[in-house]
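Q: quick one: sequence and predicted model below, then my questions.
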Amino acid sequence: MMTRNVSLPLVAAICWAALLLPASLYIPIENPQNLSYQVHGQTVSRWVSLVRGNGDWILLIVAIPLVLSLVAAVLLILQARSKQRILAGAAWCLGFLILAGAFVGTVTFLVGIFVVPVGIFLIISCTNLRRDQILISPPTKSGSRQAVQQRNAA
């Protein structure tokens, strides 16, 4: 079972990633040189959306954080049910992959900074799930005193 401190950042990551798609269609964030035109003898540069400046193919790149956050959500849901650490590790990797992509996007398209919250929310969700599972998991026979001490310390 996923708690609120796991599900809220997860939902926030998915919603933020989903909002990037309409934002790339409508929010004017790019000032391309090829869309300058003459008005009353003056050159006017118009800010345009990411799609208008780069073409429709850019939506494939913008959709990547959404797809990765949905995959991470499935992995975290499975992790909450099965207690296998490999699933949470894969979700962590997806969060850091999104952050790395945001850095590359900041360097190349200068809009990758808008992807950073998706990665941060995923990492927060992974951290909270791990903390919850450590607090809930029963102590093992060997080192049970140590497991109880760790639970009490958290």
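A: Okay, I see it. All figures in this text were calculated on a predicted structure; none of them were measured in a lab.

Q: off-centre distance for whatever helix or strand Pro22 lives in?
A: Element membership of Pro22, judged by DSSP states H and E, is helix 4-26. Distance of helix 4-26 from its chain centroid, counting by CA atoms, centre = their mean, to the nearest Å, is 8 Å.

Q: same check on stretch 77-93?
A: Using CA atoms, centre = their mean, the offset of stretch 77-93 from its chain centre is 16 Å.

Q: give me the buried positions along that stretch.
A: Neighbour-count burial for stretch 77-93 flags Ile77, Leu78, Gln79, Ala80, Leu87, Ala88, Ala90, Ala91, Trp92 (criterion: 16 or more other CB atoms under 10 Å). Where you see a C-beta, it was placed from the backbone N, CA and C, and this is true even at glycine.

Q: with secondary structure added, can I get these in a markdown table?
A: Putting the buried residues of stretch 77-93 into a markdown table (DSSP: H, G, I helix; E, B strand; the rest coil) gives the following:
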| residue | secondary structure |
| --- | --- |
| Ile77 | helix |
| Leu78 | helix |
| Gln79 | helix |
| Ala80 | helix |
| Leu87 | helix |
| Ala88 | helix |
| Ala90 | helix |
| Ala91 | helix |
| Trp92 | helix |
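
Q: and which of the residues you listed is nearest Leu50?
A: Checking the buried residues of stretch 77-93 against Leu50 by CB to CB gives Ala91 as the nearest, at 27.6 Å.

Q: shouldn't Thr43 be within a helix?
A: No - under three-state DSSP, Thr43 falls outside any helix and is assigned strand.

Q: so how far is Ile29 from it?
A: 20 Å (CB to CB, to the nearest Å).

Q: and if you look at Val51?
A: Val51 sits 11 Å away from Ile29, going by CB to CB.

Q: mind checking which of those two has more residues around it?
A: Val51 (18 against 15; other CB atoms under 10 Å).

Q: so what secondary structure elements neighbour the one helix or strand that one maps to?
A: Using DSSP H and E, Val51 maps to helix 50-54. Packed against helix 50-54, as judged by 3 or more CB pairs under 8 Å, 6 or more residues apart in numbering; DSSP states H and E, are the following elements: helix 4-26, helix 58-82.
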